[in-house]
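[1] mind looking at a prediction? Sequence and model below.
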Amino acid sequence: MLLTKKSEYALLSLISISKHEEPINVDQLSKELEISKSFLAKIMQNLAKEELVTSHRGVNGGFTLNKPIDELTIFEIVVAAEERTPMVFECSDSISSCPNNKAKLCNIWPFLNNLQFKVNDFLSQLTLKDIIS
């Protein structure tokens with residue numbers, strides 16, 4: 001599941017917003033990025049709810065970033081867009097919450113958990129600036 005279209009569109013939108021000095025609205029973003037306006041509006045609502053962007057109302061309204069691009073981590077963007085932590089595998093983050101109730105028999109959970117930790121750590125160290133450069 002790691003990165004879906006929601007994550008991709010959130011990243012593309014934030015990159016676009018970062019290049020504009022004035023707020024940019026969903027209409028402009030959807031045309032510029034060739035993304036469905038309704039789908040993009042939901043993503044932008046999630047980003048605003050998590051305070052990654054600010055929504056400005058009115059004639060010249062739109063979205064602006066709440067942080068500099070070198071402080072916006074890819075992890076927080078993806079979590080906001082997806083509305084949950086991105087998972088490498090459909091596996092629980094603890095043995096006690098294993099959906100199969102077979103955690104004690106699972107030999108790969110420690111590996112998957114370690115991989116998930118490394119992916120989260122990597123995405124937490126990457127910023128929007130890193131992927132723009």
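    Perfect, thanks for sending it.

[2] show me what contacts residue 119?
    By C-beta atoms under 8 Å, 6 or more residues apart in numbering, the contact set of residue 119 is 2, 86, 88. Just so you know, the C-beta spots here come from the backbone N, C-alpha and C atoms, and that holds for glycine as well.

[3] using ChimeraX, define a selection of the buried residues within the residues you listed.
    To isolate the buried ones among the contacts of residue 119 in ChimeraX, judged by 16 or more other C-beta atoms under 10 Å, type:
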select :86
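
[4] of the contacts of residue 119, just say which sits nearest to residue 24.
    When the contacts of residue 119 are compared for distance to residue 24 (C-beta to C-beta), residue 86 wins out at 25.6 Å.

[5] and stretch 21-41, how far apart are its ends?
    Using C-alpha to C-alpha, to the nearest Å, the end-to-end distance of stretch 21-41 comes to 20 Å.

[6] could you export the helix or strand bottoming out on mean pLDDT in the chain as PDB, CA atoms only?
    Within the chain, no helix or strand scores below helix 109-125, which has a mean of 90 by mean pLDDT, DSSP states H and E. This file holds the C-alpha atoms of helix 109-125, laid out as PDB (Å, rounded to 0.1, in the frame of the first residue of the first chain):
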ATOM      1  CA  TRP A 109       6.900 -10.400  11.700                       C
ATOM      2  CA  PRO A 110      10.200  -9.200  13.200                       C
ATOM      3  CA  PHE A 111      11.600  -8.700   9.700                       C
ATOM      4  CA  LEU A 112       8.400  -6.800   8.500                       C
ATOM      5  CA  ASN A 113       8.300  -4.700  11.600                       C
ATOM      6  CA  ASN A 114      12.000  -3.800  11.200                       C
ATOM      7  CA  LEU A 115      11.400  -2.900   7.500                       C
ATOM      8  CA  GLN A 116       8.400  -0.800   8.400                       C
ATOM      9  CA  PHE A 117      10.400   1.100  11.000                       C
ATOM     10  CA  LYS A 118      13.200   1.800   8.400                       C
ATOM     11  CA  VAL A 119      10.700   3.000   5.800                       C
ATOM     12  CA  ASN A 120       9.000   5.300   8.300                       C
ATOM     13  CA  ASP A 121      12.400   6.600   9.500                       C
ATOM     14  CA  PHE A 122      13.500   7.200   5.900                       C
ATOM     15  CA  LEU A 123      10.300   9.000   5.000                       C
ATOM     16  CA  SER A 124      10.600  11.100   8.200                       C
ATOM     17  CA  GLN A 125      14.100  12.200   7.200                       C
END
